[in-house]
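# dropping the sequence and predicted coords here.
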Amino acid sequence: MIHTHLFLKTLLILVEKSMNKLGILGWPLEKTYSPQIHKFLLDFCGLEGSYHTIKHEIINSKIISRINDDFSGYNVTIPHKEKIVSLNNTSILSDSVKAIGASNTILNKNSKTYLFNTDFSGFKTFLDLIQYDFGINSVLILGSGGSSKAIAYSLDSMNVNYYIASRGESIGTIPYSEISKISKSIGLVINTTPLGMPPYEDTSFDIDWQFFDNLETVINLGYGSANTFLDKFDKSINQYDGLGMLVCQAIESFNIWTSADLSPIRIYGEVLKELEGIDD
């Protein structure tokens, strides 16, 4: 009876994985549009499947092994994008994951686990969509986590000069207290931290934005009407939340999981339309 139960449980897991059991791993995951995006993409392609939130504040090898057994693919978000790489030490890493040291897309196929990063390519696609021109100005990236590393990798591929600001001291970053020294050279600010989104709406950077004379555009990777980060900037500055980049990287993750060949640029508008009216 016990062996039969284990067999049926294993069979159920295999059936679910074959039907695109997908999800997103992170914490606190108080608000994510990923389930709506991927449900739309599954329906759009006529595929069976589901997408779930996988909430873990702390992850370890046992937890990740269980998730890998249960899901055919999943996204990884704050705060686990870097930790997930070290916990999958027998996995196959894409070139971008090797370079960035962070992953946001996991594929489990044929008893093997593959790690990808679609944040960097989704960011590039979003810049194409908004037709952003870097000109001679530099970029300021706020935060030094997994998303920040992906953005930096993307900017490196475009030969764009950038600075990474971080609260802690680390190689290749500048402290927030020294940002004023480079403020006049910055044309684009990208916030990769959770500050501004629930539950960090009332937490802010100690930065005086009025000294950024050449600032043209601000991109906040957080999204939703509850996010307060963009409220700090004058309306004359181009402002984008992270929904656009989320959609672009999500489509690329979906292609990896399902072997679909959707063009992020072509389907972008349809996905955004699907998200209209979602209650924040």
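Yep, it's here.
# find the nearest non-adjacent residue to Glu201, please.
Thr228 (4.8 Å; C-beta to C-beta, 6 or more residues apart in numbering). Heads up, the C-betas are built off the backbone N, CA and C, glycines and all.
# need phi/psi at the one you found.
Main-chain dihedrals, Thr228, degrees, to the nearest 10: phi -110, psi 0.
# neighbours of Ser86, how many?
When counting by other C-beta atoms under 10 Å, one arrives at 9 neighbours for Ser86.
# quick check: the residue nearest to Glu201 touching Pro198?
No. Using C-beta atoms under 8 Å, Thr228 is not in contact with Pro198; the gap is 9.5 Å.
# looking at the two, which has the bigger crowd around it?
Thr228 (18 against 15).
# separation between the more buried one and Asp95?
36 Å (C-beta to C-beta, to the nearest Å).
# likewise for Lys112?
Lys112 is 17 Å from Asp95, where distance means C-beta to C-beta.
# swap in Ser103?
Distance of Ser103 to Asp95, computed by C-beta to C-beta: 12 Å.
# more neighbours, the two?
Remark: of Ser103 and Asp95, Ser103 carries more neighbours, 28 against 9, as counted by other C-beta under 10 Å.
# list the contacts of the closest residue to Gly26 other than its chain neighbours.
Spatial nearest neighbour of Gly26, chain neighbours left out: Thr77 (3.7 Å); criterion: C-beta to C-beta, 6+ apart. Thr77 is in contact with 24-26, 29, 32, 104, counting by C-beta atoms under 8 Å, 6 or more residues apart in numbering.
# so which of those residues are in strands?
Applying DSSP state E to these, the entries found in strands are 24-26.
# and which of those is nearest Gly244?
Distance ranking of these against Gly244, using C-beta to C-beta, places Ile24 first at 17.8 Å.
# hmm, the closest one is touching Gln36, no?
No. Under the criterion of C-beta under 8 Å, Ile24 is not in contact with Gln36, lying 11.5 Å apart.
# in terms of packing, which of these two has more residues around it?
Comparing Ile24 with Gln36 by other C-beta under 10 Å, the one with more neighbours is Ile24, at 22 against 15.
# helix or strand for the nearest residue to the more buried one once chain neighbours are set aside, which one?
Take Ile24 and drop its neighbours on the chain: the residue closest to it by C-beta to C-beta, 6+ apart is Asn75, 4.3 Å away. Following DSSP states H and E, the helix or strand that holds Asn75 is strand 73-76.
# strand partners of that strand, parallel vs antiparallel please.
strand 21-26 (parallel), strand 105-109 (antiparallel) (DSSP bridges).
# and for that strand, what are the contacting residues?
Contacts for strand 73-76 (C-beta under 8 Å, 6+ apart): 20, 22-26, 34, 54, 67, 84, 103-108, 250, 253, 256-257.
# repeat for stretch 196-207
Residues outside stretch 196-207 that contact it (C-beta under 8 Å, 6+ apart) are 28, 30-31, 142, 176-177, 179, 194-195, 220, 222-224, 226-230, 232.
# same check on stretch 262-275?
Stretch 262-275 has contacts (C-beta under 8 Å, 6+ apart) with 33, 36-37, 40-41, 44-45, 122, 125, 128-129, 243-244, 247-248, 250-252, 254-255.
# follow-up on the earlier one: ok, so what distance separates the residue nearest to Ile24 from Ile130?
Asn75 is 23 Å from Ile130, by C-beta to C-beta.
# go on, Phe233?
16 Å.
# next one: Tyr153
Relative to Ile130, Tyr153 is positioned 20 Å away (criterion: C-beta to C-beta).
# looking at these two, which one has more neighbours?
Tyr153 (21 against 12).
# from what I see, that one and Ser96 are in contact.
Yes. Here Tyr153 lies in contact with Ser96, judged by C-beta under 8 Å, at a distance of 6.7 Å.
# list residues touching both of these two?
117, 120.
# mind listing the helices for this structure?
Defined through DSSP state H, the helices belonging to the chain, from first to last, are 2-18, 34-45, 61-70, 83-87, 95-100, 119-129, 146-157, 243-258, 264-275.
# Asp208 is nearest to which of those helices?
Set against Asp208 and scored by C-beta to C-beta, those come closest in helix 146-157, at 21.5 Å.
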